[in-house]
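*Asks:* what would the 3D arrangement of this be:
(4 chains)
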Amino acid sequence: MNLFNAGLVAVFAPLVAALLLFVVQPIRYNRHLAGGLSALGALASFAASLTLVALRMGGDPAPAIYESTWLPEAGRSVATIGMHLDGISASMLVVVSLVALCVQLFSLEYMETEPDADFGRYFTWQSLFLFSMAALVVAPNILQLFAAWELVGLCSYLLIGFYYKKPSAARAALKAFWVTKFADLGLLIGLLVQYGAVGSVGWDPATVTAMQATGSVATVVAALYFLAVMGKSAQFPLHVWLPDAMEGPTPVSALLHAATMVAAGVYLIVRAYPIFLAAPSVMLAMSLIGGFTALFAALIAINQTDIKRVLAYSTCSQLGYMVASLGAGGLFGGYFHLATHAFFKAMLFLSAGSVIHAVHSNEISHMGGLSRKMKLTTFTFITGAAALAGLPGLAGFFSKDQILEALLEATEHNTLYWAPFLMCLATVGITAYYMSRVVFLVFFGEPSEHAHHASEGGIAMWAPLLILAVPSIAAGYFGSAFLRLTGIEGEFHVNHITPVGGLAFALAFGGIGLGYALNVLKLGAGLGTALKPVADFIEYGAVDRAWLAGYRYGMLALSRGFAWTDRYIIDGLLNAIGASVLSIAEWVRGLQTGRVSDYVYVVMIGVVCLAAWSQLVSLAGGVQ
Amino acid sequence: MMDIRIFLSLAVVLFTIGVYGVLTRRNAVGILLSIELLANAVNLNLVAFGHFGAGAVGQVFALFSVALTVTEVIVGLAIVVLLYRTRQDITVDLASEMSR
Amino acid sequence: MLANIALIVLCAWTVVSAFFVVASKNLVHGVFWLAAMLLNTAVIYIALDAPFLASIQVILYTGGVITMMLFGVMLTLRQSGTIIPNPSQHSPGRATVAGLFGLTMLWAIWTTPELAAMTPTTSGSADEIGKLFLGQYMIPFEALSVLLLAGMIGAIVLARKGDA
Amino acid sequence: MIFPILSFIVATPALAALLLVFLPDEAKTAIRAISVAASAVALAGSIYVAQAVMALGPAQFHFHERYPIIPSLGINYIMAVDGWGASLMLLTGLIIFAGSVASTTLENRPREFYIFLLGLVAGVFGVFVAQDLFVFFLFYEIAVLPMYLLIGIWGSTGKVESKGPFAWAMNQLDVGGKEYAAMKLTLVLLGGSALILAAMLGMYFAGGHTFDMGELAKASIPPNLQWWLFPALWIGFGALAGLFPFHTWSPDGHAAAPTAVSMLHAGVLMKLGAFGVLRVGMVLLPYGARDWAFTVGTVAVINILWGAMSAMAQKDLKYIIAYSSVSHMGVVLLGAATLTVNGWNGAMFQMFAHGIMTGLFFALVGLIYDRTHDRWIPHMGGFANIMPFIAVFFTIGGLSSLGMPGTAGFVAEFLVFLGAWQGPHAWWAVPGAVGALITAVYVLRGIKDIFWGAGPPPQFAALPDARGAERVALVVLGTALIVFGVWPRLILDLIDAATPLYLSAIVATQAAGVTP
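*Replies:* Predicted coordinates for the structure are as follows:
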């Protein structure tokens, strides 16, 4: 199997599954076929991705590009469609397809209670998502990336709205689509600016050099692209859709809204990194926004009572890390964190799903003491939480360390980078705190009445958890291999603890200790309650409501104004013209008495006038 | 005394009277009578011009005119009869209901 | 001289009968005044050296048309023994327009020098008329015959009883 | 002699209409069969022409036919087709096929309906292949006029409240009625036709007494005159394309029209207007196009935003779609105004994409209306539970209209915006893109309100999903949207080869001086 074929399989196997499911109704309505076909597509994609990685590790380091003209302009090519296979896309494919495979296996059982039609629909969208994400990953230029980017947004919309009968799910789906679509304007216009300036939608060195030569174009383009990243990767203040997106089924949250789709924004930065590098001011803004998002979202996560929302805010926060790192020049750290985060966050979400499946509720207060009933889930959740908190030896520790290092290094060039660095550092402690809070409240302490009958799910549920646990624990030790595969410049040492790492380590332990003190020993019980209104105000009172008000009082009110003007002024003028003609006609009609003699009367007046005129003319000497 | 202007003037006077009749008569047959006056005035003109230079052509056209007038009278009277049958009245004012 | 006087009287009588066509209050009287006017015109035609036309005038008009007119009057206004009204709507405006028309025409006639210069010639015999009809004016003549036929059929259709 | 394929395609629907005249009203099955067969033949012919033109080279004209009609006036029956014409013929074939299939459920006077429909289609085909301005105009009128009867007889009536400063006028006019809608549509379009006719005559006399479009393109009509003729053509044809502020016939007309008529009207007829602006206005009057481009583009931008914003406030399903057509036709006009290859490719592609998309939309709206006899969105909800097939295709259409990649709408909008950015007034692209965002808002909100939610209201609980023939229409259009969206070159190669030639005259004017 060569690179091209492996790439084809990785991308198109899920599409074949999706198309079969979409078009052939009997397959879709048969739950064994539907789930099996979808999972088979993911498996094939995963296998092909592994092959790709193997081929990349051994072969030529130059990217392999297969493309064909998609849009012609006077016979030339505006944009191509195809595959760009290098270490970055290969590694991302592995991450995406592995998580997708685990999620689909998990869903087989998790979605069991759905009716046949809905079950089939679920797997159709799942397969379509995997295809779209793979197409995004292998995109050879930003246009294809944008196309796939919108498609994953579509899948996100469809999957958030999976329970479309529920009004809250419907609203959440729309919100997610609208907010990301708004942000995508940045990508679209950025593409136009880039193409207009340099005549290419790629990110190849020649394009980037040309952009640098045209002065501020790179900055404008990078800023516009970053707007789209903010939407997709839920950066403040466009993060508002992500917590609501938890209305979707939990496996969807794990795959799309934690591991892969939201990371597409980060992936875009990684892919188009040369363009961003040419725009230092955008880099700084990225870092600041990323750092702020990391801190802000972590703070909000502290007081959430819904286990999925805690994880959602923590996703926001971790994406903030990645963006901050990329903004500081830490390409490897950001990308590496993307990969490790994908594994452990997916695992966390699936574990949460397992818990939710057992207690039939999202509320943390409905859980408790589950460690005795669900040992395996307890293990995976705690592992994931520890990795997220950055405890040494786990995947998250290494990638987070890379990020903090990169931020610290950036302060040497520009002191403004101290701000994201400090925010990220503080977030380490907060993350450890809120995750330990969830662990203590959910898995230890007294079980609530919902949790009495909880029990571990079947093999389809725990097997994916275990599969994901492997990279969540071990991924960190493959950092060097990852570095070599992706061809990113940087260094990675497993057993080299930096001072920053030590500090973060200490903060993490502090956070856990605080979590233990506050949630288990119930010290200062009033503190969290006292802080909650503040957090609520920040979240629901300010950002979310500002968007809502903008939509309701800005857009909708404006549209009513437009429609009114259209109907009553513009069309009204037309009607007025029509009605006036009618009125004039009504008046003129009065002359038509219908009496013959009246008509003859008028005709005779005319005849007299004509006769007199012609007589006068002829007397005056005729018409010369 | 054989001056064409005398005959033309006579025709004009007849025509004028006919016009006045068409303008003022309210009865369909009355209007038809007035129209006959008009036609006759025209015929007189044609014959007069024939006598004063044009020759037989004047009479030919007068004959054409007579034939046309007769046709018109036939059709006009038929309409009057029809009008009467549907409305029991031939006052043309009432025919103005077509404007409604 | 006598001829001139006769002509003037004839003309005056024509105008008077025409006037009563329009002015008579009784419609039947109006029809008879029209007959008188038509006969007068026939005499004038003779004076204009057109005896053939005069005979046509007498036969066709005074014979045919007047009969038909009377027929129409009788058919539609069957009030026996009373005056058949011929209502008019006299108005100064209408009279003025008609009068102005006449004056303008008279003005034109009496100020045109070409007319004054015209002298009488022959009007042409029935012979010539027949040749013209079947020669130069063949097609209009035939068309006219079709028109007459159409008028006849039309009149029958229009005035026919039943589903009018 | 070569088989006159173009005349054949134009004549097929016309002859079928003629045949229907002689059929009895009762033979409904035969009537439907003949109509569907005629449109299937037209579709097959269009596909053949499209692929033949592709093979022969879409930059040149093919399948020439030329017969003199009135030689002394320079009027000839000239038919020929290049890439542009072929792509739009294909569109027409697709829409008419889907439209006549979708109308097989019509029960009220199907014979007369199909006669008018097929006559109209013959006119549309004629416009796309006629190369003589006079014949072009003739076909244009043939296509536009049956609309009056089709809406006036088979339409549906809504109610619009009389308000605002012109309430007195609205009270006088029965606003919202189908006769009102038909009358308004016809009058506005005829007003446009009058302008077109005037401009056409101007071109005839200034262009060497010929109506041959090929010769007119070569004739050097004085730039001063072009400056006057172009706006007449722009407004005249633009009125049919929903040009702001002459677009208000569109919402009322489309709302009142029956399904197949809305499909054809929004799907194809509005394109005639845009095609006229492009093919007659811009190609034959390059100086006029150059001098008026800024106005045309700016008004097009207003069109996009105005249509989208107005659509957002509507609660009547058909009005939403109709206003969205106004918005999307703005994209076509914007593409035309850019005077760039990408912009024109995009404009032509948008005609194609929007034609199919809006055809699909109106077919769906018709299906829903046939079932509910209600167009008021707040009365609906949860329809996905009872009519999943309709829901799926409505979503596909909606995605295309908001420019989702993978559907034809994206390709078109991207090319137009790209062209706008490359053109002299780059800022046009920004409101254009914002229009796509607004579209996303109202389309998805509409989908949510109609199809999502728990169960349909009780009075609609027993409504059936789409059936046999209806499904055929939906599948044809929906598949076309996706196929041409995924691999746009199927059509774009046809268009792209012809565009530079058309554009060359305008490019030449850029070098020339400014019109005084």
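*Asks:* could you measure from the nearest residue to residue B:15 once chain neighbours are set aside over to residue B:3?
*Replies:* What sits nearest to residue B:15 in space, not counting adjacent residues and going by Cβ to Cβ, 6 or more residues apart in numbering or on different chains, is residue B:41, at 3.9 Å. In this view, the C-beta of every residue, glycine as well, is placed from N, C-alpha and C. From residue B:41 across to residue B:3, the span is 18 Å (Cβ to Cβ, to the nearest Å).
*Asks:* picking up where we left off before, what's the neighbour count on the residue nearest to residue B:15?
*Replies:* Neighbours of residue B:41 under the rule other Cβ atoms under 10 Å in any protein chain shown: 22.
*Asks:* can you tell me the SS state at it?
*Replies:* helix (DSSP: H, G, I helix; E, B strand; the rest coil).
*Asks:* next one: it from residue B:62, what distance?
*Replies:* 12 Å.
*Asks:* give me the element the residue most central in space within chain C is part of.
*Replies:* What sits nearest the mean C-alpha location of chain C, by Cα atoms, centre = their mean, is residue C:38, with 5.6 Å. Using DSSP states H and E, residue C:38 maps to helix C:27-47.
*Asks:* go on, residue A:69?
*Replies:* Following DSSP H and E, one finds residue A:69 within strand A:64-73.
*Asks:* ok, the closest residue to residue D:472 other than its chain neighbours - how many residues close by?
*Replies:* Nearest non-adjacent residue to residue D:472, counting by Cβ to Cβ, 6+ apart: residue D:101, 5.2 Å away. Using other Cβ under 10 Å, residue D:101 is surrounded by 24 other residues.
*Asks:* element containing residue D:101, please.
*Replies:* Using DSSP H and E, residue D:101 falls within helix D:83-102.
*Asks:* tell me if the helix or strand of chain B with the lowest mean pLDDT is near chain A.
*Replies:* Least confident helix or strand, chain B: helix B:56-87 with a mean of 84, by mean pLDDT, DSSP states H and E. No: Helix B:56-87 is not in contact with chain A by Cβ under 8 Å from any Cβ of the partner chain; minimum separation 11.1 Å.
*Asks:* which residues touch the closest residue to residue A:2 other than its chain neighbours?
*Replies:* Spatial nearest neighbour of residue A:2, excluding adjacent residues (Cβ to Cβ, 6+ apart): residue A:55 at 7.4 Å. By Cβ atoms under 8 Å, 6 or more residues apart in numbering or on different chains, the residues touching residue A:55 are A:1-3, A:6, A:90.
*Asks:* give me the phi and psi angles of residue A:55.
*Replies:* Main-chain torsions, residue A:55, degrees, to the nearest 10: phi -60, psi -40.
*Asks:* could you give the average pLDDT over stretch A:9-17?
*Replies:* For stretch A:9-17, mean pLDDT is 90.
*Asks:* can I get the CA coordinates of that stretch in PDB?
*Replies:* What follows is stretch A:9-17, C-alpha atoms only, in PDB (Å, rounded to 0.1, in the frame of the first residue of the first chain):
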ATOM      1  CA  VAL A   9      -8.700   4.800   2.200                       C
ATOM      2  CA  ALA A  10      -8.200   7.000   5.300                       C
ATOM      3  CA  VAL A  11     -10.400   9.700   3.800                       C
ATOM      4  CA  PHE A  12     -12.900   7.800   1.800                       C
ATOM      5  CA  ALA A  13     -13.700   4.700   3.800                       C
ATOM      6  CA  PRO A  14     -15.900   6.700   6.200                       C
ATOM      7  CA  LEU A  15     -17.500   8.500   3.200                       C
ATOM      8  CA  VAL A  16     -18.500   5.200   1.600                       C
ATOM      9  CA  ALA A  17     -20.000   4.200   4.900                       C
END
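*Asks:* what about that stretch, distance to the chain center?
*Replies:* On the basis of Cα atoms, centre = their mean, to the nearest Å, stretch A:9-17 sits 21 Å off its chain's mean C-alpha point.
*Asks:* and the residue of chain C closest to chain B?
*Replies:* The minimum distance from chain C to chain B, using Cβ to the nearest Cβ, falls at residue C:124 (2.7 Å).
*Asks:* that residue - that's part of a helix, no?
*Replies:* No: Residue C:124 is assigned coil when assessed by three-state DSSP, not a helix.
*Asks:* which non-adjacent residue is nearest it?
*Replies:* Excluding the flanking residues, the one nearest residue C:124 by Cβ to Cβ, 6+ apart is residue B:56, at 2.7 Å.
*Asks:* how about the helices in chain C?
*Replies:* With DSSP state H, the ranges of helices along chain C come out as C:2-23, C:27-47, C:51-56, C:66-76, C:92-111, C:113-116, C:126-134, C:138-159.
*Asks:* ok, and what's touching the third one?
*Replies:* Applying Cβ under 8 Å, 6+ apart, the set of residues contacting helix C:51-56 from outside is B:47, B:59, B:62-63, B:66, C:42-43, C:45-46, C:125-126, C:129.
*Asks:* for the helix holding residue D:101, name the packing helices and strands.
*Replies:* Contacts defined by 3 or more Cβ pairs under 8 Å, 6 or more residues apart in numbering or on different chains; DSSP states H and E place helix D:83-102 against helix D:28-56, helix D:110-129, helix D:259-264, helix D:270-275, helix D:341-372, helix D:468-486, helix D:489-511.
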